[in-house]
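1. no sequence on this one, just coordinates:
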């Protein structure tokens with residue numbers, strides 16, 4: 001059992017300092033790292049700066065920034081002094097950011113240079129302090145407030161486990177953002193339990209590629225490694241291949257956290273094409289023994305691409321494509337899948353690479369209860385309910401919404417449908433709100449149909465919805481891929497004819513896709529129409545499609 005009374009962010013950091021103060025704590029790739037001792041002083045200096053700005057315990061302070069060492073230092077300074085941090089996702093629109101700042105009553109905001117323009121909305125110009133996170137200078141009006149790197153706080157702060165640490169506004173798939181209130185106990189407990197799913201130590205190197213303002217990266221990619229004396233490396237730029245590939249070779253990470261879209265894209269653009277480039281390989285790949293041999297070879301190359309020392313490649317935020325997961329298993333790639341929500345700090349269930357099972361998120365983490373509420377008598381599927389120390393305090397200023405999602409005896413209704421196997425491993429079927437119920441009572445899970453569609457050639461992504469009683473698939477085809485595939489024929493055509501050729505090819509692919517689906521899904525899940533989605537779907541921070549925009 002964990003001593004819940006000691007679960008605060010400053011207490012965990014103090015314990016790390018007592019063991020690893022001279023170890024490297026954080027770095028931007030290509031730049032010198034700072035030690036835990038140097039990080040401690042930076043936190044103290046930021047705390048003193050906030051004191052001079054008039055921030056007191058309980059005040060809300062926002063962060064709108066790309067991931068960097070100063071992001072973590074600011075996060076710790078705010079929470080260590082008993083104030084409440086409000087991390088804002090960088091991909092939020094200016095109007096959303098304005099609403100968050102107003103709703104949270106933030107007194108100040110730390111902003112990275114590239115995101116400062118998002119504060120130009122008139123609603124964001126209400127009097128509050130805007131601080132450049134790179135150097136802690138004041139943006140906007142002239143101010144006498146200066147940052148002193150050697151400053152010490154004027155007072156000591158006592159933080160309790162049940163004190164509010166963060167309000168995280170979700171970027172949901174169903175619309176309006178809600179402020180999730182997480183306590184020091186919520187976050188600290190979850191980080192501790194994540195460390196029991198996968199051991200982390202002071203020799204580990206984390207390479208961070210997801211936004212720190214999302215709970216997934218925040219708890220597991222910041223608080224967990226900081227609690228174990230590990231070092232976190234930040235890219236300093238968007239994780240494009242030209243930035244990421246050299247960083248992987250330089251850092252040689254042992255731990256990375258990703259979303260399915262990243263590894264699925266690598267599979268579809270780099271691995272799958274090599275297995276289908278000629279007719280002989282296309283035939284051989286269907287032979288189980290040969291496919292496994294080829295996947296092992298591909299797995300070694302993939303490991304080398306990631307630096308060669310990876311021991312944990314965490315995938316969360318959405319469901320991983322089954323075909324891609326089969327490849328990872330046969331390639332012996334050290335992946336693991338977890339399941340959780342912002343409202344649960346986030347992890348509820350997870351496994352490590354040694355215990356992963358195809359399409360499962362793993363069992364419940366220690367001291368978290370998971371049940372299937374009101375399971376279907378026939379399929380045993382039902383809504384997943386969770387209870388335990390990492391369940392949020394509630395939605396900020398939304399007592400009615402909180403009462404709808406958390407029962408009087410502490411069960412949180414996740415809104416996800418799932419089932420357990422005999423060993424307690426959880427399998428997610430889809431979102432309760434997304435489930436389509438046919439007139440004959442048959443349940444249809446759009447996510448499962450989309451998983452099949454996304455394996456079809458030249459498909460980038462898809463979304464299945466019900467329109468006028470019919471299942472319709474909105475499909476985004478990779479036009480660049482189609483053009484490359486037909487480059488010989490296109491070169492023979494005049495420019496104005498090329499567009500017609502591509503349109504006919506997409507029409508043909510759409511017809512073939514309907515046949516492809518019909519051979520792989522039951523009669524209840526058959527799609528009646530394919531509609532071309534010309535633009536990429538709008539997505540959340542964890543790359544889930546915002547379904548409510550397309551229904």
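-> Structure received. Just so we're clear, the structure is a prediction, and the values are computed from it rather than from any experiment. Residues are numbered from 1 along each chain as shown.

2. please, where are all the strands along the stretch 301-450 of the chain?
-> Along the stretch 301-450 of the chain, the stretches classed as strands by DSSP state E, counting those that start in this stretch are 312-315, 335-340, 347-350, 369-373, 382-387, 394-395, 412-420, 426-431, 436-437, 443-444.

3. the last one pairs with which strands?
-> Read that as strand 443-444. Using DSSP bridges, the strands paired with strand 443-444 are strand 436-437 (antiparallel).

4. who's in contact with the strand it pairs with?
-> With Cβ atoms under 8 Å, 6 or more residues apart in numbering as the contact definition, strand 436-437 has outside contacts at 443, 444, 445, 446, 466, 471. Glycine gets a C-beta too; all of them are placed from N, C-alpha and C.

5. ok, now with 10 Å
-> Residues outside strand 436-437 that contact it (Cβ atoms under 10 Å, 6 or more residues apart in numbering) are 430, 442-446, 449, 464-466, 471, 524-525.

6. let's have the residues you listed in CSV, adding distance to residue 389 and neighbour count.
-> Formatted as CSV, the contacts of strand 436-437 follow (distance: Cβ to Cβ, whole Å; neighbours: other Cβ atoms under 10 Å):
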residue, distance to residue 389, neighbour count
430, 27, 21
442, 39, 12
443, 33, 15
444, 36, 20
445, 31, 19
446, 33, 21
449, 37, 23
464, 37, 24
465, 38, 16
466, 39, 14
471, 41, 20
524, 40, 12
525, 39, 20
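
7. and which of those residues is nearest residue 117?
-> Distance to residue 117 across those (Cβ to Cβ) is lowest for residue 465, with 34.1 Å.

8. before we move on, which element is the closest one in?
-> strand 459-467 (DSSP states H and E).

9. what average pLDDT does that strand get?
-> Across strand 459-467, the average pLDDT comes to 91.

10. and the helix or strand just after it, what does it pack against?
-> The C-terminal neighbour of strand 459-467 among helices and strands, as given by DSSP H and E, is strand 470-477. Judged by 3 or more Cβ pairs under 10 Å, 6 or more residues apart in numbering; DSSP states H and E, strand 470-477 is in contact with helix 446-453, strand 459-467, helix 495-518, strand 529-532.

11. out of these, nearest to residue 30?
-> Nearest to residue 30 among the helices and strands packed on strand 470-477 is strand 459-467 (31.6 Å), distances taken as Cβ to Cβ.

12. tell me which of the contacts of strand 436-437 has the lowest pLDDT.
-> pLDDT across the contacts of strand 436-437 is lowest for residue 442, at 71.

13. skipping adjacent residues, who's closest to that one in space?
-> What sits nearest to residue 442 in space, not counting adjacent residues and going by Cβ to Cβ, 6 or more residues apart in numbering, is residue 524, at 4.6 Å.

14. show me where the stretch 151-300 of the chain has its helices.
-> Along the stretch 151-300 of the chain, the stretches classed as helices by DSSP state H, counting those that start in this stretch are 184-197, 215, 224-228, 241-251, 260-266, 272-275, 279-284, 288-305.

15. my guess is residue 266 contacts residue 302. True?
-> Yes - using Cβ atoms under 10 Å, residue 266 makes contact with residue 302 at a distance of 7.5 Å.

16. in what helix or strand does residue 75 lie?
-> For residue 75, the enclosing helix or strand under DSSP H and E is helix 69-80.

17. which helix or strand lies directly C-terminal to that helix?
-> Sequence-wise, the next helix or strand downstream of helix 69-80 (DSSP H and E) is strand 84-87.

18. for that next one, give the mean pLDDT please.
-> The average pLDDT within strand 84-87 is 98.

19. same question for stretch 309-322.
-> 93.

20. buried stuff in it?
-> Buried positions in stretch 309-322, judged by neighbour count with 16 or more other Cβ atoms under 10 Å: 310, 312, 313, 314, 315, 316, 317, 318, 319, 320, 321.

21. and stretch 293-303, by the same measure?
-> For stretch 293-303, burial by neighbour count (16+ other Cβ under 10 Å) applies to 294, 295, 298, 299, 302, 303.

22. can you redo those as JSON lines with pLDDT?
-> Below are the buried residues of stretch 293-303 laid out as JSON lines (pLDDT from 0 to 100):
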{"residue": "294", "pLDDT": "88"}
{"residue": "295", "pLDDT": "91"}
{"residue": "298", "pLDDT": "92"}
{"residue": "299", "pLDDT": "94"}
{"residue": "302", "pLDDT": "95"}
{"residue": "303", "pLDDT": "96"}
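
23. just to revisit the earlier point, next, the angle from the helix holding residue 75 to helix 184-197.
-> Interaxial angle, helix 69-80 versus helix 184-197 (axes from the mean of the first three to the mean of the last three Cα atoms, to 10 degrees): 130 degrees.

24. show me where pLDDT drops low in this structure?
-> Within the chain, the stretches with pLDDT under 70 are 1-5, 120-127, 141-142, 171-176, 276-277, 281-282, 438-441, 488-496.

25. what's the domain layout of it?
-> With domains defined by automatic domain parsing, the chain comprises 4-199+213-227, 255-308+310-392+400-431, 436-549.
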